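*Asks:* Need a 3D model of the sequence below.
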Amino acid sequence: MNGSLRSMSPRDAATTKPFPWPGLLILSALVFVSVTSEFLPTGLLPDIARELNVTESQVGLLITLFAGTVVLTAAPLTTITRRYSRKSLVIVVLLVFVIANALAAIAPSYAVLAIARVVGGLAHGLFWAVVGAYGGYLVPKHQLGRAVAVTSAGATAAFVLGVPLGTAVGHALGWRLAFGVVAIVVLVLVGLVVRFLPAVRHVEPLTTGEIPLPLRRDKSIPGVVIICAIVLVVMIGHNLFYTYVVPYLTTVAGFAPGSISALLFVYGGAGAIGLVVAGTLANRYPRAGLVIAIAVVAASVVVIGMFPTLTVIVLPMIVVWGIAFGGAPAMLQTRLLHTASARLRDVASAYLTTAFNVGIGGGALIGGLILDRVGLRALPFVDAAIIALGVVLVVVGDAWLRARHVHR
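*Replies:* Numbers count the residues shown, from 1 in each chain. Presented below is the predicted three-dimensional model:
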């Protein structure tokens, strides 16, 4: 790329500009409501099941349905809309989120609630493909870890405040109001996006005489595939237990139903600590930090499974679990943005979103099957076994990529 074109690049220009706090904080707020909306049924699972006269595992399948929609539509929608304005797409998907949550709030039956989750899933996949890469267009490459930590803070805040607060509102005033509040908050955020989110140029211009190569020949694809595989395995393991953590804590661990919001708050607060740690580790110790975080997740849930009725052990392990898992997604996203070439970022983010949601939906599905056939007590042990495979995949994948680079 010649000098005149390089001087026009938003990413290069960003090196001389202040850190784009306003734009990144708006993205963080969007992630907050998106994650809150996605996992709201987890905290309200017993309430929804009771009112709609379905089983708790059927409500858990709403997570699977939502995630399955994302899996099927994220990559195709991202490819179709690849040349459209990123900011305009953010606004469109937010408006669809409003519709989905409003429909969930008034759903008269399980079938209508399922339709609302499908609508939300359609928006969610494209949302993450766009927003997941958006921060990368606002900062130079050496600030990616910091930018991802800021936007990922929205996801952590969703677990700290969004899901627990939604759970508390749902318990006190009805689960429908919780979905209605989310719809209103998203509508407010649409106005903030229109006014304050900077537009970005996401299509890389070609130099004179340069021939555009198809994306399938991009040299960063193997690294992206390995990262997506790690995400898939870890999220399956995590969500087969986390989706049903509320009935586990009340039934197996013996916590009072009224204490669940506080426990989710503790877990989310621990995740916030993990995210702060990840903001440092993602750039300084990307391999070791990720391996340690995932391994600690596996160890903590095993301890919970071994001593579920000992509050003095379970509570500290919930904190350790939250810290370890809170930083893992941010480290994986930062690694993706470092690994994927600039022209592959949007598509890579779409496939990362697909991997996350296959893991979320697959975990909820597997967890539901285990719940129905074996019982709640088996969930943390299966969780740990699958996440241990994720640790192996990180180590083996890194070794393979290093060898491939050496012998290229």
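*Asks:* and Ala324, what does it touch?
*Replies:* Contact analysis of Ala324 by Cβ atoms under 8 Å, 6 or more residues apart in numbering lists 274, 292-294, 296-297, 300. All C-beta spots, glycine's among them, are computed from the backbone N, C-alpha and C.
*Asks:* switch the cut-off to 10 Å
*Replies:* Residues counted as contacts of Ala324 (Cβ atoms under 10 Å, 6 or more residues apart in numbering) are 270-271, 273-274, 277, 292-301, 387.
*Asks:* Considering the residues you listed, which is situated nearest to Val194?
*Replies:* Closest approach between the contacts of Ala324 and Val194, by Cβ to Cβ: Gly271, at 30.3 Å.
*Asks:* ok, that closest one - contacts?
*Replies:* Taking Cβ under 10 Å, 6+ apart, we find Gly271 in contact with 152-153, 155-160, 278, 319, 321-329.
*Asks:* ok, now which ones touch Ala364?
*Replies:* Neighbouring residues of Ala364 by Cβ under 10 Å, 6+ apart: 41-42, 57, 59-68, 236, 239-240, 242-244.
*Asks:* no, scratch that, I was asking about Ser349
*Replies:* 74, 78, 128-134, 136, 224, 333, 336-337, 340.
*Asks:* shaky segments in the stretch 1-150 of the chain?
*Replies:* Applying pLDDT under 70 to the stretch 1-150 of the chain flags residues 1-16.
*Asks:* Let's see that with 80 instead.
*Replies:* Along the stretch 1-150 of the chain, segments meeting pLDDT under 80 span 1-17, 42-43, 132, 136, 140-146, 149.
*Asks:* shouldn't Val394 be in contact with Trp400?
*Replies:* No - counting by Cβ atoms under 10 Å, Val394 stays clear of Trp400, with 11.1 Å between them.
*Asks:* if you count what's nearby, which of these two comes out ahead?
*Replies:* Neighbour totals were compared for Val394 and Trp400, and Val394 leads with 25 against 13 (other Cβ atoms under 10 Å).
*Asks:* and the more buried one, what helix or strand is that in?
*Replies:* Secondary structure from DSSP states H and E places Val394 in helix 379-407.
*Asks:* which strands and helices sit next to that helix?
*Replies:* Here helix 379-407 touches helix 221-242, helix 245-247, helix 286-306, helix 311-339, helix 345-373, going by 3 or more Cβ pairs under 10 Å, 6 or more residues apart in numbering; DSSP states H and E.
*Asks:* Of all those, which one comes closest to Val190?
*Replies:* Closest approach to Val190 among the helices and strands packed on helix 379-407 is made by helix 345-373 (20.8 Å; Cβ to Cβ).
*Asks:* tell me the average confidence for that closest one?
*Replies:* Averaging pLDDT along helix 345-373 gives 86.
*Asks:* buried sites along it?
*Replies:* Buried residues in helix 345-373, counting neighbours by 16 or more other Cβ atoms under 10 Å, are found at 345-368, 370-371.
*Asks:* Same question for stretch 185-194.
*Replies:* Of the residues in stretch 185-194, 185-186, 189-190, 193 count as buried by neighbour count, 16+ other Cβ under 10 Å.
*Asks:* before we move on, what about stretch 79-93?
*Replies:* Along stretch 79-93, these residues count as buried under the neighbour rule (16+ other Cβ under 10 Å): 81-82, 86-87, 89-90, 92-93.
*Asks:* ends of that stretch, how far apart?
*Replies:* For stretch 79-93, the first-to-last residue distance is 15 Å (Cα to Cα, to the nearest Å).
*Asks:* With Lys141 as the reference, name the closest of the helices and strands packed on helix 379-407.
*Replies:* helix 311-339 (7.2 Å).
*Asks:* Quick one: work out the angle between the closest one and helix 221-242.
*Replies:* Note on geometry: by axes from the mean of the first three to the mean of the last three Cα atoms, to 10 degrees, helix 311-339 and helix 221-242 are set 160 degrees apart in direction.
*Asks:* got the angle for helix 311-339 vs helix 286-306?
*Replies:* Relative orientation of helix 311-339 versus helix 286-306 (the same axes, to 10 degrees): 150 degrees.
*Asks:* Measure how far helix 311-339 is from the centre of its chain, please.
*Replies:* 12 Å (Cα atoms, centre = their mean, to the nearest Å).
*Asks:* Please point out which parts of it sit buried.
*Replies:* Of the residues in helix 311-339, those buried (16+ other Cβ under 10 Å) are 314, 317-339.
*Asks:* Looking at the contacts of Ala324, spot the one nearest Arg146.
*Replies:* Val277 (13.5 Å).
*Asks:* My guess is that closest one contacts Val296. True?
*Replies:* No - using Cβ under 10 Å, Val277 is not in contact with Val296, being 11.1 Å away.
*Asks:* Find residues that contact each of these two.
*Replies:* Here Val277 and Val296 have 323-324, 327 as joint contacts, going by Cβ under 10 Å, 6+ apart.
*Asks:* Redo those as TSV? Include pLDDT.
*Replies:* Formatted as TSV, these follow (pLDDT from 0 to 100):
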residue	pLDDT
Ile323	91
Ala324	91
Gly327	82
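*Asks:* can you put those residues in CSV and add distance to Thr251?
*Replies:* Output for the shared contacts of Val277 and Val296, formatted as CSV (distance: Cβ to Cβ, whole Å):
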residue, distance to Thr251
Ile323, 25
Ala324, 25
Gly327, 29
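*Asks:* Which member of those residues is positioned nearest Val266?
*Replies:* Comparing the shared contacts of Val277 and Val296 against Val266 with Cβ to Cβ places Ile323 closest, at 10.9 Å.
*Asks:* Does the residue lying closest to that closest one once chain neighbours are set aside lie in a helix or a strand, and which?
*Replies:* Distances taken as Cβ to Cβ, 6 or more residues apart in numbering put Gly274 closest to Ile323, at 4.2 Å, once the chain neighbours are dropped. According to DSSP H and E, Gly274 maps onto helix 260-284.
*Asks:* Quick check: buried residues in that helix?
*Replies:* Quick answer for helix 260-284 (16+ other Cβ under 10 Å): 260-261, 263-279, 281-283.
*Asks:* related to what we said a few turns ago, among the shared contacts of Val277 and Val296, which one sits closest to Ser34?
*Replies:* Gly327 (19.1 Å).
*Asks:* so the closest one makes contact with Tyr285?
*Replies:* No - Gly327 is beyond contact range of Tyr285, at 11.5 Å (criterion: Cβ under 10 Å).
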